[in-house]
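Visitor: here is my input, please return the structure:
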Amino acid sequence: MDNFAEQLVKKNETQADKTRRISLLIVGILLTAVIAALAVLQLGNFLVSILGFALAVACGYGTYAIYRNSFVEYEYTFTNGELDVDKIINQSKRTEMVVVEVREFTDFGRYDENMKETEEMTVISASDSISKHEFYADFDHAEYGTTRLIFAPDDRMMENIRKFLPAKLRSKQIL
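Guide: Model prediction:
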């Protein structure tokens, strides 16, 4: 029987995230409007006017693209001991963050913001940003070296992960 679980985790936005997004939108719209207005004022100089309009369009599109890319979700897929973590931007663009065998975990447990992380450690944060849900998994990765994954598995995902943990970690008390 295959061990399989999927979980979608939406990144919770803090008030600072919302403020940053709204500020970006306002600044982007104002900058686009100012560049377009300056292009209109340069109608006598056709080349400068065309370049100004092109710059205004590019600025407007850049604002739109950055705004859209600020909506982030993470998907965890567990299949027979392999954990895949993907980042989904704006419910349309998927990027693979990491693939790891749970048997390769060197440490696993509840994550605490005060935990020490070494300089050479690669930290991959794929969590909902609610600290009471967060777990960490330390492992060696071929591409990233010593790696710490911070994620927020639900009960079903945890049940599957526990089955494949190395014996020394399985006996560890994980609340």
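
Visitor: once you drop chain neighbours, what's closest to Ile161?
Guide: Val102 (5.5 Å; Cβ to Cβ, 6 or more residues apart in numbering). Placement of C-beta: from N, CA and C, glycine included.

Visitor: for the chain, which helix is longest?
Guide: helix 15-41 (DSSP state H).

Visitor: need the residues that contact the following helix or strand past that helix.
Guide: Going down the chain from helix 15-41, the next helix or strand is helix 46-68, by DSSP states H and E. Here helix 46-68 makes contact (Cβ atoms under 8 Å, 6 or more residues apart in numbering) with 21, 24-25, 28-29, 31-33, 35-36, 38-40, 42-43, 89-90.

Visitor: could you point out which element follows helix 46-68?
Guide: strand 72-79.

Visitor: does Val9 touch Ser125 like I think?
Guide: No - in this structure, Val9 is not within contact of Ser125 by Cβ atoms under 8 Å, at 11.3 Å.

Visitor: neighbour count for the two, which is higher?
Guide: For Val9 versus Ser125, neighbours defined as other Cβ atoms under 10 Å are more numerous around Val9 (23 against 15).

Visitor: helix, strand or coil: sort out the more buried one for me.
Guide: strand (DSSP: H, G, I helix; E, B strand; the rest coil).

Visitor: in the chain, where is pLDDT below threshold?
Guide: 1, 131, 173-175 (pLDDT under 70).

Visitor: let's see 90
Guide: Within the chain, the segments meeting pLDDT under 90 span 1-3, 11-14, 16-18, 41-48, 69-71, 91-92, 112-118, 128-133, 167-168, 170-175.

Visitor: returning to what we had before: report the contact partners of the residue nearest to Ile161.
Guide: 78, 81-83, 137, 161, 164-165.
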